[in-house]
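Engineer: turn this into a structure:
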Amino acid sequence: MHVADLGEIARLVSGELIGPADVEVCGPATLEDAGPQHITFAAEPRYFQKAKATRAAAVLVPRDAPDLGVPMIRVAHPRLAWVQVLEYFAPAVTHPEGVHPTAVLGVDVKVGRGASIGAHVWIGDGAVVGDGAVIEAGCVIGEGVTIGPGSHLYPRVTLYPGVKIGRNVIIHAGSVVGSDGFGYVTVGRKHRKVPHLGDVVIEDDVEIGALVSIDRGVTGSTVVGRGTKIDNLVQIGHNVKIGADCMIVSQTGIAGSARIGDRVTLAGQSGVAGHLSIGEESVVAARGVVVGDLPAGSFVSGMPARPHREQMRIIALTHRLPQMSETVAELERQVQALQERLRRLEEELPAGGDAR
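Structural biologist: Residues are numbered from 1 along each chain as shown. Okay, here's the model as predicted:
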């Protein structure tokens with residue numbers, strides 16, 4: 001177990017310590033759960049009140065944070081500093097080098113230096129596992145798969161034949177990369193399967209969460225760009241092209257042949273229809289459904305997705321519908337009353353219409 005005093009932690013995060021430097025801490029904790037042996041953080045002013053009541057040894061706060069009456073470490077970027085602290089206290093995890101006796105390797109499989117192949121792993125003919133890669137228990141690696149150096153597959157990951165995994169890629173438990181896409185041609189009342197002859201390319205430094213499904217191309221490649229991060233329970237269809245450094249949040253679905261630019265964020269439960277293009281630096285808010293191309297820098301929400309400010313106005317108007325309905329009903333009553341008065345006046349007029 002790591003132990004560090006507050007002075008060491010302040011140096012680690014390049015922060016300014018307000019409080020005693022020799023107090024020792026043994027790990028991080030939340031504001032509510034922290035005890036005297038923990039460090040915690042309050043990244044935004046809305047958390048400062050809770051921070052004042054924390055029992056933690058110190059709180060990581062922004063540089064402009066006021067005095068909270070507790071020991072603090074002021075830093076330029078509290079969330080980054082929190083990551084540094086978590087990394088420091090994270091327990092070391094080691095994986096034995098070599099191939100476990102229960103693993104099954106096909107013909108001409110190449111395993112790099114320092115790689116770890118876990119129990120009951122199956123690796124098909126001609127696959128390549130790079131230096132220092134980790135393949136945990138129960139993974140299935142198809143024929144001709146390449147896994148780059150330093151990549152890590154957690155238990156029960158399945159890579160279909162021909163999948164290409166770059167360097168330092170992380171794939172969490174239960175994910176499937178390279179399965180056939182959902183492609184059929186309907187003839188009469190029957191659905192004929194479209195063969196999928198392509199592959200999947202996962203570029204360097206990608207992280208893929210648990211239970212993600214990424215379909216192979218019909219022809220050509222489905223591509224996930226360098227540095228992109230994919231949350232749990234995401235579906236990516238065949239021939240999708242995802243750019244670099246995107247964030248794709250849980251339960252998002254991307255239909256076949258969509259094009260996602262660099263640094264796009266698809267928030268939780270969002271959807272992208274097939275063959276569409278989303279420009280770089282765009283954001284699709286939670287549950288947004290994209291049904292048309294989006295230019296670079298778009299911020300959309302709703303179903304169908306619209307510019308976010310327009311969607312917020314629609315939501316605001318929706319909340320006023322009960323009041324507006326009552327107003328319309330009152331106006332209808334007034335119109336009926338006026339029509340009734342007009343009818344009576346017309347009945348009182350002498351024949352010929354002369355009111356003199």
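Engineer: can you tell me how far residue 327 is from residue 338?
Structural biologist: 17 Å (C-beta to C-beta, to the nearest Å). Where C-beta positions appear, they are placed from N, C-alpha and C, glycine not excepted.
Engineer: swap in residue 349?
Structural biologist: From residue 349 across to residue 338, the span is 17 Å (C-beta to C-beta).
Engineer: tell me which element residue 59 is part of?
Structural biologist: For residue 59, the host element (DSSP states H and E) is strand 58-62.
Engineer: what pairs with that strand, parallel or antiparallel?
Structural biologist: Looking at strand 58-62 with DSSP bridges, its partner strands are strand 38-41 (parallel), strand 72-75 (parallel).
Engineer: which residues are contacting that strand?
Structural biologist: Under the criterion C-beta atoms under 8 Å, 6 or more residues apart in numbering, residues 6, 9, 13, 15, 17, 19, 23, 25, 31, 39-44, 48, 51, 68, 70-76, 78, 81-82, 85 lie in contact with strand 58-62.
Engineer: do stretch 104-117 as well
Structural biologist: 95-100, 103, 121-135, 143, 149.
Engineer: got the phi and psi for the nearest residue to residue 173 once chain neighbours are set aside?
Structural biologist: The shortest distance from residue 173 to any non-neighbouring residue, by C-beta to C-beta, 6 or more residues apart in numbering, is to residue 154 (4.4 Å). Residue 154 adopts backbone torsions of phi -80, psi 170, taken as degrees, to the nearest 10.
Engineer: burial of residue 154, as a residue count?
Structural biologist: 20 (other C-beta atoms under 10 Å).
Engineer: same question, residue 54
Structural biologist: So residue 54, with other C-beta under 10 Å, has 23 neighbours.
Engineer: could you find the closest non-adjacent residue to it?
Structural biologist: Leaving aside its chain neighbours, residue 54 sits nearest to residue 31 (4.9 Å; criterion: C-beta to C-beta, 6+ apart).
Engineer: the one you found and residue 40 touch, don't they?
Structural biologist: Yes - using C-beta atoms under 8 Å, residue 31 is in contact with residue 40, at 5.2 Å.
Engineer: overlap of the contact sets of the two?
Structural biologist: With C-beta under 8 Å, 6+ apart, residue 31 and residue 40 have common neighbours 51, 54, 56, 59.
Engineer: let me know the closest of those residues to residue 299.
Structural biologist: residue 51 (31.2 Å; C-beta to C-beta).
Engineer: now do the contacts for residue 32.
Structural biologist: Contacts for residue 32 were tallied using C-beta under 8 Å, 6+ apart; they are 50, 54.
Engineer: now swap in residue 299 and tell me
Structural biologist: Residue 299 sits in contact with 282, 283, 285, 307, 308, where contact means C-beta under 8 Å, 6+ apart.
Engineer: got it, and residue 224?
Structural biologist: Residues in contact with residue 224 (C-beta under 8 Å, 6+ apart) are 200, 201, 202, 203, 206, 208, 214, 230, 236, 242.
Engineer: again with residue 194
Structural biologist: 181, 183, 184, 185, 218.
Engineer: generate CSV for those, with distance to residue 165 as supplementary columns.
Structural biologist: Below are the contacts of residue 194 laid out as CSV (distance: C-beta to C-beta, whole Å):
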residue, distance to residue 165
181, 19
183, 23
184, 28
185, 31
218, 21
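Engineer: now, those that are in strands?
Structural biologist: Judged by DSSP state E, the contacts of residue 194 include 184, 185 as members of strands.
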